[in-house]
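here is a sequence with its predicted model. Questions after.
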Amino acid sequence: MIHVLFVCLGNICRSPTAEGVFRHLVEREGLGDAVTIDSGGTAAYHVGQPPDRRSQAAAHLRGIDLSRQRARQVTREDIEAFDYVLAMDAENHANLLAISTPGNRHKVRLFLDFAPGPPGKSVPDPYYGQGNGFETVLDMIEVAAAGLLDDIRDKHL
């Protein structure tokens, strides 16, 4: 069993979207028994709350349901338990490394490093943005999710 954790700041926009997209992809590929998926935030701002309504609406248009997810804060124990701890941006990546033990830091990566192109890119936070920010985030997440699944297949399945 491979364990994947997606992480952003408050766990109401980017990381729950990544969790939902990746879960949808994994289940569509018939790998639900081989991969567990969760998300969390580096801050406790929204613990217990559902994903942002705009994230839910954008995902719903693509057939992905985020409504049962609830925000939670990531712990050091999460980093120990998960095989992939995937940050949406550099700030959250640094926050995750700060709570990681040296033996687990290799698990903490930027999620978009699984997408084509140069490493080090961030998924922008659509929370305060205007326009189609949530759709743009979904586009980026879908591409990286496919790359992540390829990586998991190549290395673990």
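Cool, the structure landed.

every contact and neighbour count from this point should use C-alpha atoms.
Will do.

and the contacts of stretch 19-29?
5-6, 32, 35, 37-39, 59, 64-66, 141-142, 145-146, 149 (Cα atoms under 8 Å, 6 or more residues apart in numbering).

farthest pair within these?
With Cα to Cα as the measure, no two of those lie farther apart than 35 and 59, at 20.8 Å.

and those two? Which one has more around it.
The residue with more neighbours, out of residue 35 and residue 59, is residue 59; 21 against 17, by other Cα atoms under 10 Å.

pretty sure the more buried one contacts residue 16?
No. Contact status for residue 59 versus residue 16: not in contact, 10.1 Å apart, counting by Cα atoms under 8 Å.

between these two, what contacts are shared?
Both residue 59 and residue 16 are in contact with residue 66, where contact means Cα under 8 Å, 6+ apart.

so how far is residue 147 from residue 73?
Per Cα to Cα, to the nearest Å, residue 73 is found 26 Å from residue 147.

just the buried residues out of the contacts of stretch 19-29, in PyMOL syntax.
This is how PyMOL selects the buried members of the contacts of stretch 19-29, with burial counted by 16 or more other Cα atoms under 10 Å:
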select buried, resi 5+6+35+37+38+39+59+64+65+66+141+142+145+146+149
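
what does the helix or strand hosting residue 54 contact?
Assigned by DSSP states H and E, residue 54 belongs to helix 53-60. Under the contact criterion Cα under 8 Å, 6+ apart, helix 53-60 has outside partners 12-14, 17, 21, 65-67, 134-135, 138.

switch to 10 Å and redo it
Applying Cα atoms under 10 Å, 6 or more residues apart in numbering, the contact partners of helix 53-60 are 12-14, 16-18, 20-21, 50-51, 63-67, 126-127, 132-138.

which ones are touching residue 122?
The contact partners of residue 122, by Cα under 10 Å, 6+ apart, come to 87-93, 110-113, 140.

would you say it is within a strand?
No. Assigned with DSSP: H, G, I helix; E, B strand; the rest coil, residue 122 falls outside any strand and is coil.

could you report the pLDDT at it?
Turning to residue 122, the model gives it a pLDDT of 96.

phi, psi of it?
Backbone torsions for residue 122, taken as degrees, to the nearest 10, come to phi -120, psi 150.
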